[in-house]
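Visitor: Build the 3D model from these lines:
(chains A and B)
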Amino acid sequence: MIISSLVSRPVRTLVSILAVALEVTLILVIVGLTTGILAESNGRIVGVGADIMLQPQNSSMFLGLSSAPMPVSIGTKIVAQIPGVKAVSPVLTQTNSDGGIETVFGIEPVSFQAIGGPLRWVQGGLFVDNHDVVVDDIYATTKNVSVGNEVQILNQRFRVAGIVEHGRGARVYLPLQAAQEMTGAIDRASLFFIKTNSDQDVEPVMSQLAVKLEGYRLTRMRELVSLMSTNNIPGLNYFIQTVVFIAVCVGVLVIFLSMYTTITERTREIGILRSLGASKGYVVRLIFFESFMICILGVGLGLIGSKVVKSFVIMVFPTLTVMFTPTWIFRAALFAILSGLIGSFYPSLKAAAQDPIEALAYE
Amino acid sequence: MKAILETVDLRKTYRIGTVEVEALRGVNIQLREGELTAVMGPSGCGKSTLMHLLGAMTKPSGGKVLIDGQDIAELNDRQRTEIRRKKIGFVFQKFNLLPTLTARANINLARYLHGQSLKNDQHLTELLRMLMIEEKMGRKPSELSGGEQQRVAIARAVVNRPSILLADEPTGALDSKNSEIVLNMFRELNRKFKQTIVLVTHNPELATFTDRLIEMRDGQVVHDSGPVTLDADRELQPASRSI
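Guide: Here you go, the predicted structure:
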């Protein structure tokens, strides 16, 4: 009876399914984008290969937003004075907004490779002068550039000297000196990546750094992933909650309208059911199951829709990452089904409360 | 034979806006098991209200309705629903089949609500054969003639072997040929399955098909031909009898 009812009103059924699918897609894509971008960004930072990150006081956890108040000479002193330190690499971070937003690293190639090993070259090699940049393969594919091409970064033209495999901190690398000159922060760095001789040295090195550089921010790279979760990004959780709330509201309202319309259309049917001995509970269950079916179909279509949107996003913006975690797939499905049940609650009660005689007389 | 349906000083008042309308004003009847009764009267005399009360669809404003000895005035909605499900079958003038379901699904719905297995059983097979709708089971109501729809509605009403069958103007939407077929069906059902059948009508000729005639006017019974001696082996009325 539920299936025949859904099939006999194809437009209403389809619109309801699409609305639930939209709800699921909206939740999954928005959450997938935020968590995906964060995870990908975390992965790249961890991919630098450092054990500790040293930043100045009150620096942002978004690396590209940090200024450059630390003298580069701090790095030399750390290597010289703190036992257990293998290498220190100063990095000056900038945010490039030419043709998209990405973090640019001003690096010293030697110390940077001493931290995480040699860069893996896809094409070309290191900077020859301060007008050269190195980009990663994703950036090169997205911008359709190869070695020798010019790119605009931080409002200046640079020649692409080399293309490296992605996953080592940034997508674009400048010579540290060039980055310092562009920002007027001569001999300054935004952060230092520190590599210790062994895992056992990490804690002692951090303790000594905390004493010698009191007030500086020290982050153990292993902890960075948890620090950069949605829970620790100011406002991100509220943003996700707002999106989920709006999506659920859309689902509730559409199911409500759909079920409210259907029980009005089917008043006489409900009267017939009641005359046949169907209990109020049966009528409530009937409406609930109908909306449940719509939601299940909507969830299925929403999952397919989310994958399609994900493919489209990645095709248009290859630097973005959309990540669907099992937890959020489950949550999106649960929210969709809950919104269906909430939306059909009042219509189902209204249907069950109909007087069978009046319902049978309904034209 | 014991009375399966009984009303005692039955009253029903409807409120329409601020006006109270007395649809039934002290109806006293007793219907015995296996009786085929016609309730007749002009439009608005209260016969449909009486049928709704006899079918436990609503509660009386006063008096009693005893269905198999149970006073429905004392029952809540759930208990009245259970009585409808277990003891009563309804046939309506407008057939009231569910339009999205096939004839078979309409009949099976009643069986499902009754808690029966949906497999074909001998009773159903016999019923469909008797009503001559075996070949129509896969069709939706819109694909059936009025007479066929009413026969499906009758099958749905009696498939669970209710002890009482209530029919409200069952031939009201049918032509004379189909009316005759349907009335003969009621006769045969009454004879074969010993069901108590109450036909509500304003058509005086239909009453000639029944054992007993109750006439109503202005919410009261004005004539009751009274119970007749029921002969289990009585002959069917001739099919050619005009109505």
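
Visitor: alpha carbons only for contacts and neighbour counts from here, please
Guide: OK.

Visitor: can you count the residues close to the residue in chain B positioned nearest to chain A?
Guide: Nearest residue of chain B to chain A: residue B:85, at 3.9 Å (CA to the nearest CA). Look at residue B:85: counted by other CA atoms under 10 Å in any protein chain shown, it has 23 neighbours.

Visitor: burial of residue B:134, as a residue count?
Guide: 17.

Visitor: Can you tell me the closest non-neighbouring residue to it?
Guide: Spatially, and ignoring its direct neighbours in sequence, residue B:134 is nearest to residue B:128 (5.2 Å; CA to CA, 6 or more residues apart in numbering or on different chains).

Visitor: How about the residues of chain B by chain A?
Guide: Listed as neighbours of chain A in chain B under the rule CA under 8 Å from any CA of the partner chain: B:52, B:57-58, B:78, B:81-86, B:89-90, B:96-98, B:100-101, B:110, B:113-114, B:157.

Visitor: thinking again about what came up before, which helix or strand contains the residue of chain B closest to chain A?
Guide: Element membership for residue B:85, per DSSP states H and E: helix B:77-87.

Visitor: give the contact list for residue B:154.
Guide: By CA atoms under 8 Å, 6 or more residues apart in numbering or on different chains, the residues touching residue B:154 are B:90-91.

Visitor: about what we covered before: give the buried residues for the helix or strand just after the helix holding residue B:85.
Guide: Next in sequence after helix B:77-87, counting helices and strands by DSSP H and E, comes strand B:88-91. Residues of strand B:88-91 classed as buried by neighbour count (16 or more other CA atoms under 10 Å in any protein chain shown): B:88-91.

Visitor: Tell me how many other residues surround residue B:96.
Guide: Other residues near residue B:96 come to 20 when the count uses other CA under 10 Å.

Visitor: and it, what are its phi and psi?
Guide: phi 50, psi 40 (degrees, to the nearest 10).

Visitor: which non-adjacent residue is nearest it?
Guide: Leaving aside its sequence neighbours, residue B:96 sits nearest to residue A:272 (CA to CA, 6+ apart; 6.5 Å).

Visitor: Validate this expectation: the one you found resides in a strand.
Guide: No: per DSSP: H, G, I helix; E, B strand; the rest coil, residue A:272 lies outside any strand segment and is helix.

Visitor: What would the helix or strand of chain B with the lowest mean pLDDT look like as CSV? C-alpha coordinates only.
Guide: Lowest on mean pLDDT, DSSP states H and E among the helices and strands of chain B sits helix B:176-193, with a mean of 84. What follows is helix B:176-193 as a C-alpha-only set of coordinates in CSV (Å, rounded to 0.1, in the frame of the first residue of the first chain):
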residue,chain,number,x,y,z
SER,B,176,-30.7,-2.1,-12.8
LYS,B,177,-28.9,-5.1,-14.2
ASN,B,178,-25.9,-4.7,-11.9
SER,B,179,-28.2,-3.9,-9.0
GLU,B,180,-30.0,-7.2,-9.5
ILE,B,181,-26.7,-9.1,-9.6
VAL,B,182,-25.4,-7.4,-6.4
LEU,B,183,-28.7,-8.0,-4.6
ASN,B,184,-28.7,-11.7,-5.5
MET,B,185,-25.1,-11.8,-4.2
PHE,B,186,-26.3,-10.5,-0.9
ARG,B,187,-29.0,-13.2,-0.9
GLU,B,188,-26.5,-15.9,-1.6
LEU,B,189,-24.0,-14.7,0.9
ASN,B,190,-26.7,-14.6,3.5
ARG,B,191,-27.8,-18.1,2.7
LYS,B,192,-24.3,-19.6,2.4
PHE,B,193,-22.4,-17.9,5.2
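
Visitor: If we look just around chain B, which residues of chain A are in range?
Guide: Residues of chain A lying near chain B by CA under 8 Å from any CA: A:1, A:4-5, A:8, A:269, A:272, A:274-280, A:356-357.
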